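1. The sequence and its predicted three-dimensional model are supplied below.
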Amino acid sequence: MARLKDRLNAAAAPGNDDQQLPLLDESAVRFANIPIEFIEPDPDQPRKDIGNVDELKASIAEHGVIQPIVVSPHGTEMFRIIAGERRYTAAKAFGLTSVPAIIRTVEEHRRLEVQLIENIHRKELSPIEEATTYKRLMTEFKLSQRQLAERLGKSAAAINQTVRILSLPPRILDEASQGAPNLTRSVLLEIAKLETEEEQLKLFERAKKGLLTVKAARDKKDDQESKKPRVKYPIRTESALVTITFELDETPDSDAILKALQDAIRIEKLKTKSSQ
């Protein structure tokens, strides 16, 4: 670790482009802007295909790397990525020379994961705190919804619904974080299911005044769904009757029917894969 510490300190010396890099001190909270050249991906990372990082590159171009990656010292020369390989790859592709990182040993990383999970069970978290903790566990500790559900003794659907709360507009999240009494988890979930921000904000104002129950929110959503123009197209097979419901006011052509079937098959395959 000594040689690595010396190299990081040298990188922070005056005249270096990475002057913002703090000195590495094992006894302090370990956070640093680490030069890209000192970081390497984990060769044992089970996820070999990190996917397209163009959107991450665009985000980095506008905001920088908002969430630090997590790394562990590896030998005397390098840091190895524990979490955040997509952010690292996007930053490197964008041309950054360093990235913000939290430095932990693998053992510390695992211990923190256990502590977070224990806190979920021990503490009465607000809906926003609960959703944020779920999101952090999945992002930082590379857990799928199914894996997190198994650790918490919950269903994957419950995890998915809770995390969906974070998709609400910032105004709703800010006020809900302050503990408004009428913004229960169930009400927030129903508001999150609405399609537009305008609809969400309208129900949010009613909820704050205590005028919105979960049943009322569901009825509102069902009423909106019933107002959409729909066309049903039944297909009889040897073993079943498959009915496609189109949100259209005219009869779909053969291309639209084929695309709908292909999309349904693709989505079903993704659901099956994610539940395995």
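-> Everything's here; your move. Every value quoted in this text rests on a predicted model; they were computed, and no experiment measured them.
2. Please make it C-alpha for all contacts and neighbour counts, starting now.
-> Fine.
3. Three-state assignment for the residue nearest the centre of the chain, please.
-> Compute the mean C-alpha point of the chain, and by C-alpha atoms, centre = their mean the closest residue is residue 135, 5.2 Å away. What DSSP: H, G, I helix; E, B strand; the rest coil gives for residue 135 is helix.
4. so what's it closest to, chain neighbours aside?
-> Distances taken as C-alpha to C-alpha, 6 or more residues apart in numbering place residue 163 nearest to residue 135, at 6.4 Å, with adjacent residues excluded.
5. rewinding a little: roughly how far apart are the residue nearest to the centre of the chain and residue 167?
-> Distance of residue 135 to residue 167, given as C-alpha to C-alpha, to the nearest Å: 11 Å.
6. before we move on, what about residue 148?
-> To residue 167, residue 148 is 19 Å away according to C-alpha to C-alpha.
7. With residue 153 instead?
-> 24 Å.
8. wait, doesn't residue 39 sit right on residue 80?
-> Yes - if you go by C-alpha atoms under 8 Å, residue 39 and residue 80 touch, sitting 5.8 Å apart.
9. Where do the strands of the chain begin and end?
-> Ranges of strands within the chain are 31-35, 39-40, 69-74, 78-83, 98-103, 231-236, 241-246, based on DSSP state E.
10. Share the number of residues neighbouring the residue nearest to residue 135, please.
-> 19 (other C-alpha atoms under 10 Å).
11. Ok, residue 199 next?
-> Neighbours of residue 199 (other C-alpha under 10 Å): 15.
12. ok now do it, which residues does it touch?
-> Listed by C-alpha atoms under 8 Å, 6 or more residues apart in numbering, the contact set of residue 199 is empty.
13. Distance-wise, check it relative to residue 178.
-> Counting by C-alpha to C-alpha, the gap from residue 199 to residue 178 is 22 Å.
14. need the contact list for the nearest residue to residue 162 once chain neighbours are set aside.
-> Take residue 162 and drop its neighbours on the chain: the residue closest to it by C-alpha to C-alpha, 6+ apart is residue 131, 5.4 Å away. By C-alpha under 8 Å, 6+ apart, the residues touching residue 131 are 162, 163, 164, 165, 166.
15. so what's the closest residue to residue 59 other than its chain neighbours up against?
-> Among residues not flanking residue 59 along the chain, residue 65 sits closest, at 8.0 Å (C-alpha to C-alpha, 6+ apart). Counting by C-alpha under 8 Å, 6+ apart, residue 65 makes contact with 59, 87, 91, 99, 100.
16. contacting residues for the fourth one?
-> Just to be clear, that refers to residue 99. 33, 34, 35, 36, 65, 68, 69, 88, 91.
17. again, only this time at 6 Å
-> The neighbours of residue 99, taking C-alpha atoms under 6 Å, 6 or more residues apart in numbering as the test, are 33, 34.
18. The last one now?
-> Taking C-alpha under 6 Å, 6+ apart as the criterion, residue 100 is in contact with 32, 33, 68.
19. isn't the last one right next to residue 91, touching?
-> No - using C-alpha atoms under 6 Å, residue 68 and residue 91 do not qualify as a contacting pair, with a distance of 11.2 Å.
20. These two - which one has more neighbours?
-> Legend: neighbour count by other C-alpha under 10 Å for residue 68 and residue 91, higher for residue 91 (24 against 19).
21. Tell me how far the more buried one lies from residue 181.
-> According to C-alpha to C-alpha, residue 91 stands 41 Å off from residue 181.
22. same question, residue 197
-> 22 Å.
23. Where does pLDDT dip in the stretch 101-250 of the chain?
-> Counting by pLDDT under 70, the stretch 101-250 of the chain has low-confidence residues at 211-231, 233, 247-250.
24. now the longest helix anywhere in the chain, how far from the chain's geometric center?
-> Identified as the longest helix of the chain according to DSSP state H is helix 254-275. Here the centre of helix 254-275 is set off from its chain's centre by 23 Å, with C-alpha atoms, centre = their mean, to the nearest Å.
25. Good, we can wrap up now.
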